[in-house]
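Asker: no FASTA, just this:
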(Lines give C-alpha, C1' and ligand atoms only; values in the text may rest on other atoms or scores of the structure.)
Protein backbone atom coordinates (compact mmCIF):
# COMPACT_ATOMS: atom_id res chain seq x y z
CA UNK A 1 0.00 0.00 0.00
CA UNK A 2 2.90 2.25 0.63
CA UNK A 3 4.00 1.79 -2.94
CA UNK A 4 0.64 2.88 -4.24
CA UNK A 5 0.63 5.91 -1.97
CA UNK A 6 4.15 6.75 -3.00
CA UNK A 7 3.22 6.50 -6.67
CA UNK A 8 0.16 8.69 -6.06
CA UNK A 9 2.29 11.32 -4.34
CA UNK A 10 4.77 11.24 -7.21
CA UNK A 11 1.99 11.64 -9.75
CA UNK A 12 0.49 14.47 -7.72
CA UNK A 13 3.91 16.14 -7.46
CA UNK A 14 4.51 15.70 -11.18
CA UNK A 15 1.07 17.12 -11.97
CA UNK A 16 1.75 20.14 -9.70
CA UNK A 17 5.16 20.64 -11.36
CA UNK A 18 3.52 20.28 -14.75
CA UNK A 19 0.76 22.74 -13.82
CA UNK A 20 3.36 25.20 -12.44
CA UNK A 21 5.44 24.76 -15.59
CA UNK A 22 2.31 25.41 -17.67
CA UNK A 23 1.52 28.51 -15.61
CA UNK A 24 5.09 29.78 -16.12
CA UNK A 25 4.92 28.98 -19.83
CA UNK A 26 1.53 30.68 -20.12
CA UNK A 27 2.89 33.71 -18.28
CA UNK A 28 5.97 33.71 -20.53
CA UNK A 29 3.78 33.44 -23.64
CA UNK A 30 1.60 36.27 -22.36
CA UNK A 31 4.74 38.38 -21.69
CA UNK A 32 6.09 37.66 -25.19
CA UNK A 33 2.71 38.56 -26.70
CA UNK A 34 2.61 41.85 -24.75
CA UNK A 35 6.20 42.64 -25.75
CA UNK A 36 5.45 41.79 -29.40
CA UNK A 37 2.37 44.03 -29.33
CA UNK A 38 4.40 46.81 -27.68
CA UNK A 39 7.24 46.58 -30.20
CA UNK A 40 4.70 46.39 -33.05
CA UNK A 41 2.93 49.48 -31.71
CA UNK A 42 6.26 51.29 -31.45
CA UNK A 43 7.13 50.31 -35.02
CA UNK A 44 3.72 51.48 -36.32
CA UNK A 45 4.08 54.76 -34.42
CA UNK A 46 7.59 55.26 -35.82
CA UNK A 47 6.37 54.58 -39.35
CA UNK A 48 3.44 56.97 -38.93
CA UNK A 49 5.64 59.71 -37.47
CA UNK A 50 8.08 59.16 -40.33
CA UNK A 51 5.23 59.50 -42.78
CA UNK A 52 4.06 62.72 -41.11
CA UNK A 53 7.64 64.02 -41.16
CA UNK A 54 7.95 63.16 -44.84
CA UNK A 55 4.69 64.98 -45.59
CA UNK A 56 5.82 68.02 -43.61
CA UNK A 57 9.21 67.92 -45.34
CA UNK A 58 7.52 67.69 -48.73
CA UNK A 59 5.30 70.68 -47.90
CA UNK A 60 8.33 72.62 -46.69
CA UNK A 61 10.28 71.69 -49.82
CA UNK A 62 7.45 72.82 -52.09
CA UNK A 63 7.15 76.08 -50.18
CA UNK A 64 10.92 76.60 -50.41
CA UNK A 65 10.79 75.92 -54.15
CA UNK A 66 8.10 78.60 -54.46
CA UNK A 67 10.17 81.02 -52.39
CA UNK A 68 13.30 80.25 -54.42
CA UNK A 69 11.36 80.74 -57.67
CA UNK A 70 10.03 84.06 -56.38
CA UNK A 71 13.56 85.14 -55.40
CA UNK A 72 14.87 84.12 -58.82
CA UNK A 73 12.09 86.08 -60.52
CA UNK A 74 12.75 89.12 -58.33
CA UNK A 75 16.47 88.91 -59.04
CA UNK A 76 15.89 88.59 -62.78
CA UNK A 77 13.47 91.53 -62.69
CA UNK A 78 15.96 93.66 -60.78
CA UNK A 79 18.67 92.79 -63.28
CA UNK A 80 16.37 93.68 -66.17
CA UNK A 81 15.36 96.99 -64.60
CA UNK A 82 18.94 97.99 -63.78
CA UNK A 83 20.08 96.95 -67.26
CA UNK A 84 17.42 99.14 -68.84
CA UNK A 85 18.32 102.05 -66.54
CA UNK A 86 22.05 101.77 -67.27
CA UNK A 87 21.29 101.62 -71.00
CA UNK A 88 19.08 104.70 -70.73
CA UNK A 89 21.77 106.59 -68.80
CA UNK A 90 24.45 105.56 -71.30
CA UNK A 91 22.35 106.65 -74.28
CA UNK A 92 21.72 110.02 -72.63
CA UNK A 93 25.42 110.41 -71.87
CA UNK A 94 26.38 109.51 -75.45
CA UNK A 95 23.79 111.94 -76.86
CA UNK A 96 25.16 114.76 -74.69
CA UNK A 97 28.73 113.95 -75.72
CA UNK A 98 27.69 113.86 -79.39
CA UNK A 99 26.12 117.32 -79.03
CA UNK A 100 29.28 118.64 -77.40
CA UNK A 101 31.44 117.12 -80.12
CA UNK A 102 29.14 118.53 -82.81
CA UNK A 103 29.35 122.00 -81.21
CA UNK A 104 33.14 121.72 -81.04
CA UNK A 105 33.38 120.63 -84.69
CA UNK A 106 31.00 123.42 -85.71
CA UNK A 107 33.15 125.97 -83.86
CA UNK A 108 36.28 124.61 -85.59
CA UNK A 109 34.62 124.81 -88.99
CA UNK A 110 33.43 128.36 -88.32
CA UNK A 111 36.93 129.38 -87.31
CA UNK A 112 38.35 127.73 -90.43
CA UNK A 113 35.70 129.40 -92.59
CA UNK A 114 36.44 132.79 -91.08
CA UNK A 115 40.15 132.32 -91.73
CA UNK A 116 39.47 131.17 -95.29
CA UNK A 117 37.08 134.05 -95.86
CA UNK A 118 39.61 136.58 -94.50
CA UNK A 119 42.27 135.13 -96.76
CA UNK A 120 39.91 135.23 -99.75
CA UNK A 121 38.83 138.82 -99.18
CA UNK A 122 42.35 139.97 -98.45
CA UNK A 123 43.50 138.81 -101.89
CA UNK A 124 40.83 140.88 -103.64
CA UNK A 125 40.94 144.61 -104.33
CA UNK A 126 38.89 146.48 -101.84
CA UNK A 127 38.65 143.13 -100.03
CA UNK A 128 37.70 144.39 -96.59
CA UNK A 129 34.83 146.52 -97.93
CA UNK A 130 33.54 143.72 -100.06
CA UNK A 131 33.73 141.34 -97.14
CA UNK A 132 31.71 143.69 -94.94
CA UNK A 133 29.23 144.21 -97.72
CA UNK A 134 28.96 140.44 -98.23
CA UNK A 135 28.56 139.92 -94.46
CA UNK A 136 25.75 142.50 -94.19
CA UNK A 137 24.09 141.10 -97.28
CA UNK A 138 24.10 137.61 -95.72
CA UNK A 139 22.60 138.96 -92.48
CA UNK A 140 19.88 140.77 -94.41
CA UNK A 141 18.99 137.58 -96.34
CA UNK A 142 18.81 135.62 -93.11
CA UNK A 143 16.36 138.13 -91.66
CA UNK A 144 14.15 137.78 -94.71
CA UNK A 145 13.95 134.04 -94.34
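Answerer: Thanks, I have it. Just so we're clear, the structure is a prediction, and the values are computed from it rather than from any experiment.
Asker: and the lengthiest helix in the chain, what other elements does it pack with?
Answerer: As assigned by DSSP state H, the longest helix anywhere in the chain is helix 2-123. Judged by 3 or more Cβ pairs under 8 Å, 6 or more residues apart in numbering; DSSP states H and E, helix 2-123 is in contact with helix 127-144. For glycine as for every other residue, the C-beta is placed from the backbone atoms N, C-alpha and C.
Asker: and the helix it packs on with helix 2-123, angle?
Answerer: Taking axes from the mean of the first three to the mean of the last three Cα atoms, to 10 degrees, helix 127-144 and helix 2-123 form an angle of 130 degrees between their directions.
Asker: Off-centre distance for helix 127-144?
Answerer: 71 Å (Cα atoms, centre = their mean, to the nearest Å).
Asker: Please apply the same query to stretch 52-64.
Answerer: Averaging C-alpha positions (Cα atoms, centre = their mean) puts stretch 52-64 19 Å from its chain's average.
Asker: what's next to it, contact-wise?
Answerer: Residues outside stretch 52-64 that contact it (Cβ atoms under 8 Å, 6 or more residues apart in numbering): none.
Asker: Give me the below-cutoff pLDDT ranges for this protein.
Answerer: 121, 124-131 (pLDDT under 70).
Asker: ok, so what distance separates residue 50 from residue 44?
Answerer: 11 Å (Cβ to Cβ, to the nearest Å).
Asker: next one: residue 92
Answerer: For residue 92, the distance to residue 44 equals 72 Å [Cβ to Cβ].
Asker: and what of residue 38?
Answerer: 11 Å.
Asker: and for the two, which residues touch both?
Answerer: Common neighbours of residue 38 and residue 44, counting by Cβ under 8 Å, 6+ apart, are absent.
Asker: Near residue 117, how many residues? Count them for me, please.
Answerer: As a burial measure, residue 117 scores 13 neighbours (other Cβ atoms under 10 Å).
Asker: again with the one 3 residues further on
Answerer: Counted with other Cβ under 10 Å, the burial measure for residue 120 works out to 13 neighbours.
Asker: cool, and residue 132?
Answerer: Residue 132 has 11 neighbours, counted by other Cβ under 10 Å.
Asker: How about residue 5?
Answerer: The local packing of residue 5 (other Cβ under 10 Å) involves 9 other residues.
Asker: Look up how far residue 12 lies from it.
Answerer: 10 Å.
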